[in-house]
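K.L.:
show me how the following folds:
(one chain, ligands or ions: 1)
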Amino acid sequence: MLFPVYKPGDLYYVILVFELAIYLWIGSQVESMNDTLRFCFCIPTLFGVEGLVSDELRRMNMQDVRTEDGRVFFTGGLGDCARVNLSLRCGERVLMELGSFPAKSFDQLFEGVRALPWENLLPRDAAFPVTGYSLDSALFSVPDCQRIIKKAIVERMKSRYHLEHFPETGAEYKIRFSLRKDLVSVFLDTSGTALHKRGYRPAHTEASLRETLAAAMVKLSRYRGKGDFCDPFCGSGTIAIEAALAALNRAPGLYRSFAAENWAFVDPTIWQNARAEAIAAEYSGEYHIFASDIDPRAVQIARENAVRAGVDHLIDFSVADACSFSRETERGVIVTNPPYGERLLDQQQAEALYRNFGAALSGSRNWSLYLLSSHSEFEHFFGKPADKKRKLYNGMIKCDLFMYFK
Ligand SMILES: C[S@@+](CC[C@H](N)C(=O)[O-])C[C@H]1O[C@@H](n2cnc3c(N)ncnc32)[C@H](O)[C@@H]1O
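P.N.:
Predicted coordinates for the structure are as follows:
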């Protein structure tokens, strides 16, 4: 393996191997690499969904999958990078790790970043903004770290391009760094726009769920396209749309673009092949997905989003009060996100809603329910303790996914 997954102590070995690999494979020009070179990739995730993302990666046959709080790593080639960008449902971005080294001073940060072979990755007109974060580290000022990293890259590039000033008018190579316990990791962001932006939801109602969180809820419900699926508080339709995409096995990123598609060192056929593979892997079938909301405007927006996602023919939308929920089918799964009483309704209204929804569901005993709420007393008002709970974050709001499946 040319680019092994490494531990902090392996720093210089990693940098040496990386530099050698780059020089051997592409000489001194920014030219496309083939798909045999191995990289370490990092997927930042919402808290609570790391395990789901690592499952997804293993199902895609990615190697050396390992999780940390809020991120998951794997090893793969540029083809894997394209496949994961296109198909991952629950992760936020795909970052290519360029190096990792300890740094407690700005000098160490500068030298570590300058040691990376930037001139072989970034063309002379590359735009290379730097963003990142620092946790439990001596270097805690993020703006200062950004400035030092940028300066180190410019210094390295000067020796290759003989330029004092870089125009940054070309394709974007977003550089991200993480500083955790004095260990710096430097990444190129291959996704660009975050993966939750599938491209189907320019319009959204107040309090829309992030698409990656909706996909995680669908995954936890184990819905695979069989039987009835309902979201009776559908808002902009995110959960039902993610369920339809999952049922079809449609790569959620199929109809959007990614930063690495514009990179000089990535052969475009890699992306074409990954897209063709994703299309070939789609299923077709008859699905029973229902989405409703009490607000007709929300239903209209949900319909429009489903059209953009290409799944409107798979979802039956209607205006309905969830407190009158009744279905003739004996079994099915409800995955939903009612108001919490924080943003849309006040707390008492939310509590009454949970009580009435609980009463309505009491007639559908064989239906399983996966309901996201931040209300700590949800089970009390709903009238039944959950079989299982799982902590998830909806933006900054700490929630539980209340699961009823027995
Ligand atoms: C938190 S939002 C759902 C957001 C949705 N998951 C999304 O991604 O857009 C809650 C939704 O519940 C709807 N709602 C409130 N009371 C309802 C009721 N009694 N029956 C059905 N829908 C209701 C609201 O109109 C709102 O669209």
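
K.L.:
didn't residue 221 look like it was pressed against residue 371?
P.N.:
No: with contact defined as Cβ atoms under 8 Å, residue 221 does not reach residue 371; the gap is 10.3 Å. Placement of C-beta: from N, CA and C, glycine included.

K.L.:
where does this structure have low pLDDT?
P.N.:
1-29, 203-206, 343-345 (pLDDT under 70).

K.L.:
most remote residue from it's center?
P.N.:
Taking Cα atoms, centre = their mean, the residue of the chain most remote from its mean C-alpha position is residue 162, at 38.3 Å.

K.L.:
any idea how far whichever residue of the chain sits closest to the ligand lies from residue 291?
P.N.:
Closest approach of the chain to the ligand (Cβ to the nearest ligand atom) occurs at residue 235, with a separation of 2.6 Å. Distance of residue 235 to residue 291, computed by Cβ to Cβ, to the nearest Å: 9 Å.

K.L.:
can you check which residues contact both of those two?
P.N.:
Taking Cβ atoms under 8 Å, 6 or more residues apart in numbering as the contact rule, residue 235 and residue 291 both touch residue 302.

K.L.:
for the closest residue to residue 342 other than its chain neighbours, what are its contacts?
P.N.:
Spatial nearest neighbour of residue 342, excluding adjacent residues (Cβ to Cβ, 6 or more residues apart in numbering): residue 374 at 6.4 Å. Residues in contact with residue 374 (Cβ under 8 Å, 6+ apart) are 340, 342, 394, 397, 398, 399, 400.

K.L.:
among those residues, name the buried ones.
P.N.:
340, 394, 399, 400 (16 or more other Cβ atoms under 10 Å).

K.L.:
can you classify the last one as helix, strand or coil?
P.N.:
Read it as residue 400. Under DSSP: H, G, I helix; E, B strand; the rest coil, residue 400 falls in the strand class.

K.L.:
wait, it sits on residue 378?
P.N.:
Yes: with contact defined as Cβ under 8 Å, residue 400 counts as touching residue 378 (7.2 Å).

K.L.:
can you pull out the strands in the stretch 251-400 of the chain?
P.N.:
288-293, 315-319, 332-336, 367-373, 388-394, 397-404 (DSSP state E, counting those that start in this stretch).

K.L.:
what would the ones you listed look like in CSV with distance to residue 280?
P.N.:
Supplementary listing: the strands of the stretch 251-400 of the chain in CSV, determined by distance: least, Cβ to Cβ, whole Å:
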stretch, distance to residue 280
strand 288-293, 23
strand 315-319, 24
strand 332-336, 28
strand 367-373, 31
strand 388-394, 33
strand 397-404, 33
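
K.L.:
in TSV, list these along with distance to the ligand.
P.N.:
What follows is the strands of the stretch 251-400 of the chain, written out as TSV (distance: least, Cβ to the nearest ligand atom, whole Å):
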stretch	distance to the ligand
strand 288-293	5
strand 315-319	9
strand 332-336	7
strand 367-373	8
strand 388-394	9
strand 397-404	11
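
K.L.:
quick revisit: what's the overlap in contacts for residue 221 and residue 371?
P.N.:
Residues touching both residue 221 and residue 371 (Cβ under 8 Å, 6+ apart) are residue 335.

K.L.:
neighbour-wise, which of these two wins?
P.N.:
The neighbour comparison of residue 221 against residue 371 (other Cβ atoms under 10 Å) goes to residue 371, with 24 against 21.

K.L.:
quick check: closest non-adjacent residue to the more buried one.
P.N.:
Using Cβ to Cβ, 6+ apart and skipping residues adjacent in sequence, the residue nearest residue 371 is residue 402, 4.9 Å away.

K.L.:
who does the one you found bridge with?
P.N.:
Legend: beta-bridge partners of residue 402 under DSSP bridges are residue 371, residue 389.

K.L.:
that one contacts residue 370, correct?
P.N.:
Yes: with contact defined as Cβ under 8 Å, residue 402 counts as touching residue 370 (7.5 Å).

K.L.:
those two: which is more packed in?
P.N.:
residue 370 (25 against 22).

K.L.:
those residues of the stretch 151-300 of the chain touching the ligand, which are they?
P.N.:
Contacts of the stretch 151-300 of the chain with the ligand, taken as Cβ under 6 Å from any ligand atom, map to 205, 207-209, 232-233, 235-236, 238-239, 293-295, 298.

K.L.:
ends of stretch 232-242, what's the gap?
P.N.:
15 Å (Cα to Cα, to the nearest Å).

K.L.:
just stretch 338-350 next, same as before
P.N.:
End-to-end for stretch 338-350, by Cα to Cα: 8 Å.

K.L.:
and it, what's buried?
P.N.:
Of the residues in stretch 338-350, those buried (16+ other Cβ under 10 Å) are 338, 339, 340, 341, 344, 350.

K.L.:
make JSON lines out of those residues and add distance to residue 99.
P.N.:
Output for those, formatted as JSON lines (distance: Cβ to Cβ, whole Å):
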{"residue": "338", "distance to residue 99": "46"}
{"residue": "339", "distance to residue 99": "46"}
{"residue": "340", "distance to residue 99": "42"}
{"residue": "341", "distance to residue 99": "47"}
{"residue": "344", "distance to residue 99": "45"}
{"residue": "350", "distance to residue 99": "48"}
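
K.L.:
residue contacts, residue 363?
P.N.:
residue 326.

K.L.:
before we move on, what SS does the closest residue to residue 163 other than its chain neighbours have?
P.N.:
Nearest non-adjacent residue to residue 163, counting by Cβ to Cβ, 6+ apart: residue 124, 6.6 Å away. Assigned by three-state DSSP, the conformation of residue 124 is coil.

K.L.:
likewise for residue 91?
P.N.:
coil.

K.L.:
do the same with residue 72
P.N.:
When classified by three-state DSSP, residue 72 comes out as strand.

K.L.:
that one touches residue 57, doesn't it?
P.N.:
Yes: at 6.5 Å, residue 72 counts as touching residue 57 under the criterion of Cβ under 8 Å.

K.L.:
between these two, which contacts overlap?
P.N.:
Jointly contacting residue 72 and residue 57 under the rule Cβ under 8 Å, 6+ apart are 43, 65.
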